[in-house]
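Novice: Build me a structure from this.
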Amino acid sequence: MKITGVTTRLVNLPLDKPIATAIHQISSVGCVCLTLESDQGVVGESYLFTINAARLKAFDEMVRGFDHVLIGRDPHFVSAIWQEIWQEINPSGQKGVTVAALSAMDTACWDLVGKIADQPLHRLFGACRDEIKTYASGGLWLSNSIEELALDAQNFVQQGFRSIKMRVGSPKLSDDIERARIVREAIGDDIELLADANQNLGVKHAIKLARELDQLNIAWLEEPVAAHDLDGHAQVTAAAPMPVASGETEYTRFGMQAMLQAKACDVLMPDLQRIGGLSEMLKVAALASAYHVPISTHIFTEHSLCIAGAAPNCISVEHMPWFSALFNETLELQNGLLQIPQRPGTGFTFNQNTLDQFALG
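Specialist: Numbers count the residues shown, from 1 in each chain. Got it, this is the predicted structure:
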């Protein structure tokens, strides 16, 4: 079997309404949708994204710049392909847009391999489960009013979620505490509540916030300080009464190794686009397990489920609905758990009507 073609399509998916975190203003997500064609008529698919489609063409250019590595290759040699791209991006830097392109190529290769074998990827990787805990992440934004917060939270519970995440990171600590109190009252004591500060706090502020939030039974505090501040992360992790989750902004196993060595978090959050694809995320899960640290995957819900099904130390996946329109298939939630697809490959295929409707250029 050989890869015979590499094609990309650019789309911009609008959100239902603009949202805000402590550091982002988001109205859409732009995607580079990658398809690998094969001489057997089977295709492998993956995507990467940028907020508001910013610099999306640069990402597309980087992806298409690796055509020569893939065309004519057997996709089963995914490790060799990964290593060749890794070496090739060395002069440009092994973080950022270069790794995003590598991630897309790697994930598409694995999707193709799974489809050829007619097996879901988590079974090819060595399955440990067929369902995984998830938390609702598509609401409870910092831009929401108090009324909207309560409504969002109740809606998530009605949809069957047993865990939800809200955004914090306001300049005034009292504002975050009040908003968390409103959400806790709306969902009761039996629903897990997580908080994400989106890197917007200083160390002392984050520690104080963590101690206050603990009174509301917050299950974790995510990215309390700047992603590059590993020492600050470690200080918050050591002092916070609840677990600290972080790592979504780190690249490859080398970035994750630095976080683990610094004891910068209690829960590692690899992001499929930044981590280096499915190959690298499996390595990161194994690396984290050696430190007795669990992982929880960041965004990319559909394509991360195969990792959750194969990594015993994966405790949850983030349920983010931003990209659901890209796919023909839908996520299945049962009793607060996402069902890991039994379909071949990643279990998700691009919806061509969506790609046509939201096409860029």
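
Novice: What residue, apart from its backbone neighbours, is nearest P294 spatially?
Specialist: By the measure of C-beta to C-beta, 6 or more residues apart in numbering, the closest residue to P294 outside its immediate chain neighbours is I315, 4.5 Å from it. Just so you know, the C-beta spots here come from the backbone N, C-alpha and C atoms, and that holds for glycine as well.

Novice: my guess is the one you found meets V267, correct?
Specialist: Yes - the criterion here is C-beta atoms under 8 Å, and I315 meets it with V267 at 7.1 Å.

Novice: Neighbour count: the two, which is higher?
Specialist: V267 (22 against 15; other C-beta atoms under 10 Å).

Novice: how close does the more buried one get to T252?
Specialist: V267 sits 18 Å away from T252, going by C-beta to C-beta, to the nearest Å.

Novice: OK, contacts around the residue nearest to P294?
Specialist: The contact partners of I315, by C-beta atoms under 8 Å, 6 or more residues apart in numbering, come to 133, 267, 294-296.

Novice: next one: A286
Specialist: Contacts were defined as C-beta under 8 Å, 6+ apart; by that measure A286 touches A311.

Novice: Within the helices and strands, which one has it?
Specialist: When elements are assigned from DSSP states H and E, A286 belongs to helix 277-290.

Novice: Please state the mean pLDDT value computed over that helix.
Specialist: For helix 277-290, the per-residue pLDDT values average out at 98.

Novice: what does stretch 151-161 give?
Specialist: For stretch 151-161, the mean per-residue pLDDT is 97.

Novice: circling back: just confirm the residue nearest to P294 is within a strand.
Specialist: Yes - per DSSP: H, G, I helix; E, B strand; the rest coil, I315 lies within a strand segment.

Novice: S103 and R274 touch, don't they?
Specialist: Yes - contact criterion C-beta under 8 Å: S103 and R274 qualify, at 7.3 Å.

Novice: In terms of neighbours, single out the busier of those two.
Specialist: Between S103 and R274, counted using other C-beta under 10 Å, S103 has the larger neighbour count: 31 against 22.

Novice: Then the more buried one would be within a strand, right?
Specialist: No - under three-state DSSP, S103 falls outside any strand and is assigned helix.

Novice: Now do the contacts for it.
Specialist: For S103, the set of contacting residues under the criterion of C-beta under 8 Å, 6+ apart consists of 46, 48, 272-277, 280.

Novice: do the same with A180
Specialist: Shown in contact with A180 (C-beta under 8 Å, 6+ apart): 166, 168, 193, 195, 213, 216, 218.

Novice: ok so, going back, let's see which of the contacts of I315 end up in strands.
Specialist: Using DSSP state E, the members of those that fall within strands are 133, 267, 295-296.

Novice: Among those residues, which one lies nearest to A359?
Specialist: Nearest to A359 out of the ones in strands among the contacts of I315 is S296 (C-beta to C-beta; 33.0 Å).

Novice: Correct me if wrong: the closest one contacts A245.
Specialist: Yes - S296 is in contact with A245 according to C-beta under 8 Å; the separation is 6.4 Å.
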